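Participant: heads up, no residue letters with this:
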Ligand SMILES: [Zn+2]
């Protein structure tokens with residue numbers, strides 16, 4: 001628990017505390033480095049993310065062992081027999097049916113270890129569901145602010161876990177603004193998967209698992225959905241830690257996928273800008289990545305550029321086609337997850353050679369019913 005918070009803009013250090021969810025300068029915070037990853041110290045036989053607890057290094061086992069639902073350890077396999085070097089990691093096979101469980105369990109465990117009495121979060125749905133589930137296990141009350149258009153299945157599961165769900169008019173940013181206002185007035189712990197760097201300590205296990213499942217190597221390309229970039233930044237961090245420990249010679253190229261209707265990262269990438277500017281979003285089926293002003297836009301662009309990767313966009317027709325293709329391969333995921341597969345098609349259309357390409361499928365299809373594909 002010796003790790004500290006560090007500002008992503010000015011390098012200022014702050015102690016890990018329930019109050020510090022962003023730097024006084026307004027920028028998001030990271031955490032100082034964990035111990036170097038040592039395969040000899042990993043929990044043998046534990047398939048969950050807590051196998052990697054020596055390098056999550058934020059919460060005591062007495063806390064996380066009460067909260068865990070066995071999150072992590074998701075399958076990695078070729079979905080399409082005609083493409084053996086294209087592997088999907090089925091991260092929708094999680095306790096709350098999305099990859100967000102990786103980060104949510106760590107974040108709630110940190111909140112418990114910092115003696116939080118109540119939690120406040122904002123979400124387009126999946127993060128809220130994950131936070132609600134682990135808050136229930138921790139016995140902490142939680143208020144979750146969501147956009148008015150959040151799918152009913154996500155609202156129902158958050159409420160089933162006991163969360164007070166507040167639907168906010170005006171989209172994803174309005175939900176975030178309402179949560180920040182509530183944090184200011186009530187002093188609740190801001191369990192934000194976007195601002196809190198503890199969340200990325202959970203999502204970095206995606207990279208560790210991938211490395212292990214590939215027999216101790218990184219893929220050539222990793223294609224990831226990007227809204228707030230919590231999986232991309234976590235994966236980049238995980239591969240950076242593997243690289244630093246001498247376990248992978250070269251981290252993968254990161255290919256970021258955005259829905260064309262809401263693509264601030266792609267716009268900045270095309271314009272060669274160092275950070276994102278807010279965009280006015282159009283309607284998209286991929287509501288889980290429809291983030292018009294990502295808080296960590298600069299970090300996302302830096303990670304993609306540093307990996308030698310790029311940003312691709314997918315339109316609504318491609319997302320719908322990807323939903324259909326995946327269902328035809330036996331996998332029923334939500335449109336946000338299918339957008340990644342559409343991004344894979346766009347990426348492969350421009351790539352020559354037999355590269356090992358991995359992509360996640362992040363959210364289950366039952367989370368966004370009823371719909372027809
Ligand atoms: Zn700062």
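Facilitator: Thanks, I have the structure now. Just so it is clear, the model here is predicted, and its values are computed rather than measured.

Participant: who's in contact with residue 284?
Facilitator: Taking C-beta atoms under 8 Å, 6 or more residues apart in numbering as the criterion, residue 284 is in contact with 259, 260, 261, 262, 290, 316, 319. Quick note: C-beta positions are derived from backbone N, CA and C, even for glycine.

Participant: Residue 286 is in contact with residue 319, isn't it?
Facilitator: Yes. The pair residue 286 and residue 319 qualifies as a contact (C-beta atoms under 8 Å) at a distance of 5.8 Å.

Participant: higher neighbour count, these two?
Facilitator: Neighbours were counted for residue 286 and for residue 319 using other C-beta atoms under 10 Å; residue 286 has more, 28 against 25.

Participant: By neighbour count, which of the contacts of residue 284 wins?
Facilitator: Within the contacts of residue 284, neighbour counts (other C-beta under 10 Å) peak at residue 259, which reaches 32 neighbours.

Participant: end to end, how far does stretch 255-271 reach?
Facilitator: 17 Å (C-alpha to C-alpha, to the nearest Å).

Participant: Buried residues, that stretch. List them.
Facilitator: For stretch 255-271, a neighbour-count test (16 or more other C-beta atoms under 10 Å) marks 255-269 as buried.

Participant: tell me the secondary structure for residue 5?
Facilitator: Here residue 5 is strand, with the state taken from DSSP: H, G, I helix; E, B strand; the rest coil.

Participant: so what's it scoring on pLDDT?
Facilitator: According to the prediction, residue 5 has pLDDT 98.

Participant: Report the contact partners of it.
Facilitator: Residue 5 touches 13, 14, 15, 16, 20, 23, 29, 30, 31, 32, 197, counting by C-beta under 8 Å, 6+ apart.

Participant: Count the neighbours of the residue nearest to residue 75 when sequence neighbours are not counted for me.
Facilitator: Using C-beta to C-beta, 6 or more residues apart in numbering and skipping residues adjacent in sequence, the residue nearest residue 75 is residue 90, 4.8 Å away. Neighbourhood size, residue 90 [other C-beta under 10 Å]: 19.

Participant: show me the contacts for residue 90.
Facilitator: For residue 90, the contact set (C-beta under 8 Å, 6+ apart) comprises 74, 75, 76, 77, 331, 360, 361.

Participant: among the contacts of residue 284, which are in helices?
Facilitator: 316, 319 (DSSP state H).

Participant: quick revisit: for residue 286 and residue 319, list the residues in contact with both.
Facilitator: 259, 335, 338, 339.

Participant: so of the contacts of residue 5, which ones are in strands?
Facilitator: Members of these lying in strands (criterion: DSSP state E): 13, 14, 15, 29, 30, 31.

Participant: Helix or strand: which one has the nearest residue to residue 307 once chain neighbours are set aside?
Facilitator: Counting by C-beta to C-beta, 6+ apart, residue 307 lies nearest to residue 254, which is 4.3 Å off, once chain neighbours are set aside. Element membership for residue 254 (DSSP states H and E) is strand 253-259.
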